[in-house]
Structure formats: structure tokens, C-alpha cells
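Asker: Fold the following.
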Amino acid sequence: MSIFIEDTIQSLTLFRRIKTIIKEFDFDEGIDFVVKGNRLFIQSLLQDYFELKDKDIVLKEQILKTFISICKTHHSTSPKQFETPKNYVFYSECEKYIERWCEILCNKPKSVTEKYIYLLIVQFINELIKSKQLSLVSKIISYESLTIVFSLIQDEFKTSSIYIRYCFNIYNELSSYKLYEELNRIISPTFTLSFIQNTLVRQSTKDLYVFVSELLYDCIKNQSNGIIFSQDVNDFLQLVLDSLVKQHVEINSCMEFDDFSKSLNSLTKTNSGLVNVNFNCSLPVSDTSLIPPSRL
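Answerer: Residues are numbered from 1 along each chain as shown. Down below sits the predicted model:
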């Protein structure tokens, strides 16, 4: 009984401290984290998060949303690829705990609440990657956690539009840094030939279909598909991408994303000299094998 009481007191104390810190935190858009001395606030929130128990869902949510809010109010608009971010102290403190966050991401969530917190952590990592702080980004991608994150679009989060969007955002950020070899290591275990075939040819949700298609086209547009994808995937793209474009009208009528299909058609016409895809495939336009049976 005494142990239970002691744990309860510790939980209440932690709860009050976290609530106080979050309430008093300065979210002023012009805040300077070095001058204002908010390092202790950040340190406290980071330390407190990892002391929370599984049942402390509300506090975990509040801390993560606090971190995400800080990131969103301090995104750089500089054209530089990497730079020292304005709120360097915040990001440098977060960097000290990256290994802990990555450890959490390596464990697949099971319950609904675990999935929700996992989703928030993925969003937080996505915001950290946007920081343009080279050491922070390098540390995040040095772990296997992002590989796990992408793999979950195959099962646990395959119907989650928000999760799929965060994954594509992470891909876009790393691609903007031209970290193609790192992207290959992160996404190639998920984007296998069988997965792409199942998504584009056989069956998929609309969000997953669009995500996979946009990622493939983006890689081709940036001429990075030879680096990111395996040879068997690239060989498959030689055939399937052309057929997808030829059938974009039929697919659009079934899946209702007109702007997306038009952009694909435009891309193939304007970049036909750059894109390494054979646009004279043998599959006829009338072939419906690329349309999921459920949508025919």
C-alpha cells in the first residue's frame, strides 16, 4: 500500500510540474531560446516525458503537442539546405534525447492509445527534421527507427491518412536535403516490388495509392530512383508507370483524385526526355489490370 501511495504522490507531483511548465511556457513567435533562458523548461519537459508511465496518456499528449508547437513557430524560411536554427537551444536539447525517441519508434504500437502517441512522436520527429540542423537530422537518420516508421504503412497505419502524410513529409524533407542513399536505407525495406505491385496494381486505400505513386514520380522527377529503389523495382516501373498514366482517366473516375492524375500526365509529357521510363509499353490503354478489382 505504501508503494502505491508513494507512486501516486510522485505522479501527482510530476503532473503538477508539467502542467505548470506548459502553462508558463512562452510561445511568442519571436522568442530567443538562448536569451530567454528556456533551456531549463525544455530540459525539464524532456526528462519528465521519459518518467511518465504508460497510463499517463494526457500528459504525454500535452508534452508532445508543446514540442510540436515550438517547432512549428520556428521553422526556417531560409533557402539554405542546412543552417543553425534560430531556436538552436531547443533543438540541441532535443538532440540529446533522440536515441530515446528512436527507441520508442522501434516498438510497434499495439493499443489505440499507443498508436495515438506513436503518431504524435512521428509528427514531432517530422518537425525536428525540418529544423535544417545538420547534426540533429544526421542523428535521427542514423537509427533504424524511420525504417520501422515507414514499414507501418503496410499494416498498423495503412488506413491512416494523417500517418501516411507524415511519412511523405519526412520523405520530402530528406529528399530536399538530397540524402538519397539514406532514403534508400530507410524506405527500401518497405518499398519492395511486391508492396508496390500490391499498392498500385492490386489493392490499396486511396491515400496509400496516392502516397506511393507520388513518391515514385518524385523520385523519377529528381532522377534519384536509381539510388533509392532496387533494380527490380525500377524494372517494374518501366512498365507500370506508363500504364498508370495511360489509364489515369479510368483510375480517376474510380478513385476521385483528378488533380493528382493530371499532374502525373503532365509530368510524363514535360519530362519525357529526362525520365527513364519506357512510354511505349505493350500494355493496351484498355487494360484494367492496374485498377483495383474493388473499384471496377
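Asker: from here on, contacts and neighbour counts on C-alpha atoms
Answerer: Noted.
Asker: Number of residues surrounding residue 214?
Answerer: Residue neighbour count, defined by other Cα atoms under 10 Å, stands at 16 for residue 214.
Asker: Which of the helices or strands spans it?
Answerer: helix 206-221 (DSSP states H and E).
Asker: buried stuff in that helix?
Answerer: Across helix 206-221, burial judged by 16 or more other Cα atoms under 10 Å covers 207-221.
Asker: Other residues contacting stretch 179-197?
Answerer: Residues from elsewhere that reach stretch 179-197 (Cα atoms under 8 Å, 6 or more residues apart in numbering): 141, 144, 146-147, 150-151, 154, 171, 174-175, 212, 224, 227-230, 232-233, 236.
Asker: what mean pLDDT does that stretch have?
Answerer: What stretch 179-197 shows for mean pLDDT is 89.
Asker: Okay, now that stretch: how far is its last residue from its first?
Answerer: Taking Cα to Cα, to the nearest Å, stretch 179-197 runs 25 Å from one end to the other.
Asker: which parts of that stretch are buried?
Answerer: 179-180, 182-191, 193, 195-197.
Asker: quick one on the thing from earlier: show me how to select, in PyMOL, the buried members of the contacts of stretch 179-197.
Answerer: Selection of buried members from the contacts of stretch 179-197 for PyMOL, criterion 16+ other Cα under 10 Å:
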select buried, resi 141+146+147+150+151+171+174+175+212+224+228+229+230+233
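Asker: In strands, which of the contacts of stretch 179-197 fall?
Answerer: Counting by DSSP state E, none of the members of the contacts of stretch 179-197 fall within strands.
Asker: for the stretch 1-150 of the chain, which spans come out with low pLDDT?
Answerer: 1-38, 74-76, 85-86 (pLDDT under 70).
Asker: and if we set it to 50?
Answerer: 1-9, 28-35 (pLDDT under 50).
Asker: Could I get the CA-only coordinates of stretch 94-113 as PDB?
Answerer: Below are the C-alpha coordinates for stretch 94-113, written out as PDB (Å, rounded to 0.1, in the frame of the first residue of the first chain):
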ATOM      1  CA  CYS A  94      16.100  17.600 -28.200                       C
ATOM      2  CA  GLU A  95      19.100  16.200 -29.900                       C
ATOM      3  CA  LYS A  96      20.300  14.800 -26.600                       C
ATOM      4  CA  TYR A  97      17.200  12.600 -26.400                       C
ATOM      5  CA  ILE A  98      16.900  11.500 -30.000                       C
ATOM      6  CA  GLU A  99      18.100   8.000 -29.100                       C
ATOM      7  CA  ARG A 100      15.200   7.700 -26.500                       C
ATOM      8  CA  TRP A 101      12.600   8.800 -29.100                       C
ATOM      9  CA  CYS A 102      14.000   6.400 -31.700                       C
ATOM     10  CA  GLU A 103      13.800   3.500 -29.200                       C
ATOM     11  CA  ILE A 104      10.100   4.200 -28.800                       C
ATOM     12  CA  LEU A 105       9.600   4.400 -32.500                       C
ATOM     13  CA  CYS A 106      11.300   1.000 -33.000                       C
ATOM     14  CA  ASN A 107       8.500  -0.600 -30.900                       C
ATOM     15  CA  LYS A 108       5.300  -1.200 -32.900                       C
ATOM     16  CA  PRO A 109       2.300   0.200 -31.100                       C
ATOM     17  CA  LYS A 110      -0.500  -2.200 -30.200                       C
ATOM     18  CA  SER A 111      -3.400  -0.400 -28.500                       C
ATOM     19  CA  VAL A 112      -5.300   2.600 -29.800                       C
ATOM     20  CA  THR A 113      -3.700   4.900 -27.200                       C
END
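Asker: hang on, residue 109 packs against residue 148?
Answerer: No: taking contacts as Cα atoms under 8 Å, residue 109 lies outside contact range of residue 148: 11.0 Å.
Asker: Could you pull out the helices in the stretch 101-250 of the chain for me?
Answerer: 112-129, 134-141, 145-151, 161-176, 180-187, 193-197, 206-221, 225-228, 231-246, 248-255 (DSSP state H, counting those that start in this stretch).
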